[in-house]
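Trainee: any chance you could fold what I've pasted below:
(one chain, ligands or ions: 1)
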Amino acid sequence: MIDRDAIVAAAEGEVRFDEPLRAHTTFRIGGPVDALAWPTGVGGVQRLCALAHARGWPCRALGHGSNLLVRDGGVRGLLVATTRLRRLERDRERGVRCEAGVPTSRLLHEATSWELGGVEFLVGVPGTVGGGLVMNAGTSLGELKDVTVEVTTVRPDGELRVRAAAACGFRYRGSDLGDGIVVAARFELRPGVRAAIVARIAAQREARARREPHGVPTAGSFFKNPPGDFAGRLLEQAGLKGRRLGGAEVSWVHANWIVNRADATAADVLGLMQVCQEAVATKFGVTLEPEVHIVGEAGREEAA
Ligand SMILES: Cc1cc2nc3c(=O)[nH]c(=O)nc-3n(C[C@H](O)[C@H](O)[C@H](O)COP(=O)(O)OP(=O)(O)OC[C@H]3O[C@@H](n4cnc5c(N)ncnc54)[C@H](O)[C@@H]3O)c2cc1C
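Mentor: Predicted coordinates for the structure are as follows:
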């Protein structure tokens with residue numbers, strides 16, 4: 001059982017209890033979390049982690065919720081939202097220092113205004129810098145690990161830890177940074193000409209617009225690409241485009257995007273995930289691993 005007063009005192013920011021997470025994920029799906037806190041400084045994150053650690057409550061971070069499927073039973077314990085950690089500043093000639101809650105779109109925008117390139121791959125990738133680092137977000141054009149110099153996390157006991165990029169365990173759509181809460185990072189970018197950076201951004205925006213669905217609740221690519229292949233290709237060849245389960249649907253536009261068509265539950269999405277995995281395993285002998293992080297407890301529908 002969480003101690004509401006202690007959480008409010010530690011957070012020094014907004015806190016909501018029993019907050020439905022469908023309001024905080026791009027999938028628009030998810031049961032309630034016991035406590036959701038928005039600290040406005042790194043100190044608040046440290047106090048919240050230390051408190052949860054001392055009391056034995058589960059504690060994890062929430063960024064923009066763009067790579068999360070929260071199950072219908074919700075999340076027990078404490079979620080620390082980083083979206084109010086928003087400082088961003090230039091650091092000498094090519095460096096940018098950034099707090100974890102800065103949207104990746106803002107990092108891209110500011111870097112371009114300073115004539116710094118190297119993060120154009122972030123076009124169309126929603127989310128925060130912290131979530132992006134944990135996921136090593138990117139595309140075929142680059143990943144956050146390519147520009148990261150160092151990352152600061154808050155450890156579960158509340159202490160700060162600074163790691164060089166080489167010690168972050170970056171890999172394809174993952175890292176070791178989820179062992180704490182990312183609060184800040186330093187990036188090293190490439191000086192460039194603004195017009196050329198803007199042209200690369202426009203080209204990528206156009207390419208994405210052609211091949212991705214728009215305006216539907218989703219978490220983007222649902223599965224990781226297996227080595228040497230594309231999850232979207234396998235799913236399309238297995239005839240899954242348009243497959244529907246409850247309110248969840250495999251997009252007609254891109255087979256690796258599961259979309260929330262009509263008040264989908266997490267149980268719908270998980271059921272559809274299984275249908276996709278079984279079809280691809282049967283046809284190609286390939287096991288698809290979810291890229292989306294699945295968190296929380298089963299709801300009544302899933303448990304049944
Ligand atoms: C329309 C759409 C398009 C997308 N396109 C791409 C793409 O091209 N490439 C790509 O890589 N991804 C893509 N994604 C997925 C998503 O945008 C990225 O994974 C993004 O980096 C997630 O950031 P977030 O802040 O939303 O993280 P969240 O979804 O909030 O969290 C993701 C995971 O990281 C953890 N986490 C979040 N913040 C922190 C933190 N500060 N410290 C420690 N742990 C943390 C969470 O607990 C969770 O486990 C897309 C998603 C959508 C909706």
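Trainee: any residue of stretch 252-272 touching the ligand?
Mentor: No: for stretch 252-272 and the ligand, the contact criterion (CB under 6 Å from any ligand atom) is not met; the two come no nearer than 7.8 Å. No exception for glycine: its C-beta is placed from N, CA and C like everyone else's.
Trainee: where does the protein dip in pLDDT?
Mentor: 303-304 (pLDDT under 70).
Trainee: near the ligand, which residues of it?
Mentor: So far as CB under 6 Å from any ligand atom goes, the chain lies against the ligand at 26, 60-68, 82, 100, 124-128, 130-132, 134-135, 137-139, 173, 177-178, 181-182, 218-220, 293.
Trainee: so which of those belong to helices?
Mentor: The members of those that map onto helices under DSSP state H are 130-132, 134-135.
Trainee: may I see those arranged in CSV, with distance to Q277 as well?
Mentor: Shown next, in CSV, are those (distance: CB to CB, whole Å):
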residue, distance to Q277
G130, 29
G131, 24
G132, 26
V134, 24
M135, 20
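Trainee: make TSV from the residues you listed and add neighbour count to it.
Mentor: Shown next, in TSV, are these (neighbours: other CB atoms under 10 Å):
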residue	neighbour count
G130	29
G131	29
G132	30
V134	29
M135	25
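Trainee: one step back: buried subset of the residues of the chain next to the ligand?
Mentor: Among the residues of the chain next to the ligand, those classed as buried by neighbour count (16 or more other CB atoms under 10 Å) are 26, 60-68, 82, 100, 124-128, 130-132, 134-135, 137-139, 173, 177-178, 181-182, 218-220, 293.
Trainee: ramachandran angles for F187?
Mentor: With angles defined as degrees, to the nearest 10, F187 sits at phi -110, psi 150.
Trainee: what about it, how many residues nearby?
Mentor: Using other CB atoms under 10 Å, the number of residues around F187 comes to 25.
Trainee: that one touches D146, doesn't it?
Mentor: No: the criterion here is CB atoms under 8 Å, and F187 misses it with D146 at 9.5 Å.
Trainee: so how far is A255 from the spatially most central residue of the chain?
Mentor: Nearest residue to the geometric centre of the chain (CA atoms, centre = their mean): N67, 3.9 Å. Distance of N67 to A255, computed by CB to CB, to the nearest Å: 18 Å.
Trainee: for the stretch 151-300 of the chain, which residue gets nearest to the ligand?
Mentor: Per CB to the nearest ligand atom, G220 is where the stretch 151-300 of the chain lies closest to the ligand, at 2.6 Å.
Trainee: that residue touches L68, doesn't it?
Mentor: No: G220 lies out of contact with L68 (CB under 8 Å); the separation is 11.0 Å.
Trainee: residues contacting V80?
Mentor: Contact partners of V80, counting by CB atoms under 8 Å, 6 or more residues apart in numbering, are 37, 39, 45, 48-49, 59-62, 181.
Trainee: 10 Å instead?
Mentor: 11, 13, 35-39, 44-45, 48-49, 52, 59-62, 154, 181, 183 (CB atoms under 10 Å, 6 or more residues apart in numbering).
Trainee: so for D176, what's the nearest residue that isn't a sequence neighbour?
Mentor: G169 (3.1 Å; CB to CB, 6 or more residues apart in numbering).
Trainee: and stretch 8-25, C-alpha only, in CSV?
Mentor: The C-alpha coordinates for stretch 8-25 follow below in CSV (Å, rounded to 0.1, in the frame of the first residue of the first chain):
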residue,chain,number,x,y,z
VAL,A,8,3.2,14.3,-2.4
ALA,A,9,6.0,15.6,-0.1
ALA,A,10,8.8,13.9,-2.1
ALA,A,11,7.5,14.9,-5.5
GLU,A,12,7.3,18.7,-5.1
GLY,A,13,5.2,18.7,-8.2
GLU,A,14,1.8,17.4,-9.3
VAL,A,15,0.7,13.9,-8.2
ARG,A,16,-2.4,12.0,-9.2
PHE,A,17,-3.6,8.8,-7.7
ASP,A,18,-5.5,6.0,-9.4
GLU,A,19,-4.9,7.8,-12.7
PRO,A,20,-6.0,6.0,-15.8
LEU,A,21,-3.0,5.5,-18.0
ARG,A,22,-5.0,5.6,-21.2
ALA,A,23,-4.7,9.3,-20.9
HIS,A,24,-0.9,9.2,-20.9
THR,A,25,-0.1,6.7,-23.7
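Trainee: stretch 271-280: how far from the chain's middle?
Mentor: 22 Å (CA atoms, centre = their mean, to the nearest Å).
Trainee: er, stretch 237-246 I mean
Mentor: 24 Å.
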